[in-house]
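Trainee: missing the sequence, but the structure's below:
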C-alpha cells in the first residue's frame, strides 16, 4: 500500500509523520521556493523520501541578511518539534522510538537553505566557555575582515559572541526541557510505565547537529553582491556596513575551522552557475575523498524542484538539459535515485562510526 504524503502544521513548520519511521529528514529549501510552498515546489523529492520510510519536516525561514539569527531559529524549532513528533506518533498509534535519538535526524537543503545547515554543523564545534568562544570568533573575524579597523573588528566579535552565547545557553535549556517532555509523553502510556523512560534515556548528543547526516543540493553561500545588481550598488551598500551575517568568507572559515562535516553529501549540477563558486570551495577546501560526498548530476540550479501527476513529473527547468515534463522512471534515474543512494551511504557510514 502506497502511503499518502500529508503535511500538518506544527509550531512554525510542516510535518509529514511516517507510521514506521526509520529516520527523520529536516528539509530547508531555497530563498523563494523554500519559503513559499516548499511542499508544492519540492513535492516529488519529498514523496520519494517519505516512501523510503522517513518522517519529513519542512523548516521555514525568513528572508533576512542575518543568517546567524535564522540558523538559531531553525535549531530552536528542532527542539520544539522532537517532543511533538513523539506525542503525535503515540496519538496516531505510530512507531515513535526513532525520535528518541537525535542521530536518527538528518538534514537536506537546497540553495541558500544549505548555508543554514552548514552553519548549524559548524556551530557544533564552538567552544562553550565565553573566553574560548571569544578567541575562536576573533580568529574568524581577523581572518576574513580585510581592511576592517581593529575597533570595528572588536565590535563585530563582541556582537557575534553575545548572540552565540545567548543561543547556546537557550539551547541547553531547550534540550533539557525537550528530554523531560519526551519522557512524559512516553510514560503516559500505561503499558510503557513499567519501562519508566527517563529523560536521560533520550539521546540528544549535541545542542546543534553534530553526528547528523546532511545533504546539500546545489548549495549557495554568497553575499549581498549576488542579491543586488549592479555590483557597484552592492559594493556601495557593503561599504556602508550592510551585508549578510556571516559573510561568505566567515561562513567558509567557520566550516573549515570546525573540522567536522564527516557525514556530508553534496549534490551538484555542472550547469548551475548560481552555486558554482560554492561547490568549487567545497571541492578545494573540504579534504575528503570525492566518492565520499559528491554526486554530479544532470541539470541546473532548480533541478531538485518538481511535482508528480500520475506517471509524469513536472520540472521547473532552468537549463535545456532537463525537459519540463518527464516520466517518473527517468526522473528517478537522473536525480532521486542518486539522492537516496547518497543518503543510504551516509547512513551506513553513521552506523559504522557508532560501532
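Mentor: Arrived safely. What you are looking at is a predicted structure, and each value in this text was computed from that prediction instead of being measured.

Trainee: Now the longest helix along the chain: buried residues?
Mentor: Across the chain, the longest stretch assigned as helix under DSSP state H is helix 150-187. With burial defined by 16 or more other CB atoms under 10 Å, the residues of helix 150-187 counted as buried are 156-157, 160-161, 164-165, 167-168, 171, 174-175, 178-179, 181-183, 185-186. Just so you know, the C-beta spots here come from the backbone N, C-alpha and C atoms, and that holds for glycine as well.

Trainee: Which elements pack onto it?
Mentor: Here helix 150-187 touches helix 67-92, helix 130-144, going by 3 or more CB pairs under 8 Å, 6 or more residues apart in numbering; DSSP states H and E.

Trainee: Residue 56 and residue 6 touch, don't they?
Mentor: No - counting by CB atoms under 8 Å, residue 56 stays clear of residue 6, with 10.2 Å between them.

Trainee: So the two - more neighbours on which side?
Mentor: More neighbours surround residue 56 than the other of residue 56 and residue 6, with 24 against 11 (other CB atoms under 10 Å).

Trainee: if we can go back for a sec, shared neighbours of residue 56 and residue 6, anything?
Mentor: residue 16 (CB atoms under 8 Å, 6 or more residues apart in numbering).

Trainee: the inter-axis angle of the longest helix of the chain versus helix 130-144?
Mentor: Helix 150-187 and helix 130-144 are oriented at 130 degrees to each other (axes from the mean of the first three to the mean of the last three CA atoms, to 10 degrees).

Trainee: I'd like the next helix or strand past helix 150-187.
Mentor: Next helix or strand after helix 150-187 toward the C-terminus (DSSP states H and E): strand 214-217.

Trainee: Which strands and helices lie in contact with that following strand?
Mentor: Packing contacts for strand 214-217, counted by 3+ CB pairs under 8 Å, 6+ apart, involve strand 105-110, helix 113-123, strand 264-268, helix 337-354.

Trainee: by contact count, what packs against the longest one?
Mentor: In other words, helix 337-354. Packing contacts for helix 337-354, counted by 3+ CB pairs under 8 Å, 6+ apart, involve helix 43-51, strand 105-110, strand 214-217, strand 264-268, strand 294-296.

Trainee: looking at the ones you listed, which has the lowest confidence?
Mentor: Mean pLDDT is lowest for strand 294-296 out of the helices and strands packed on helix 337-354, coming in at a mean of 84.

Trainee: Identify the residues contacting the next helix or strand after that one?
Mentor: Once strand 294-296 ends, the next helix or strand along the chain (criterion: DSSP H and E) is strand 306-309. If you take CB under 8 Å, 6+ apart as the criterion, strand 306-309 is touched by 40-45, 47, 313-316, 328, 331.

Trainee: low-confidence ranges in the stretch 151-300 of the chain?
Mentor: Within the stretch 151-300 of the chain, the ranges that satisfy pLDDT under 70 run 189-200, 224-241, 287-292.

Trainee: Try it again at 80.
Mentor: Low-confidence segments of the stretch 151-300 of the chain, defined by pLDDT under 80: 188-201, 223-243, 287-293.

Trainee: How much space separates the residue sitting nearest the centre point of the chain from residue 21?
Mentor: Central residue of the chain (CA atoms, centre = their mean): residue 117, 3.4 Å from the mean position. Applying CB to CB, to the nearest Å, the value for residue 117 to residue 21 is 20 Å.
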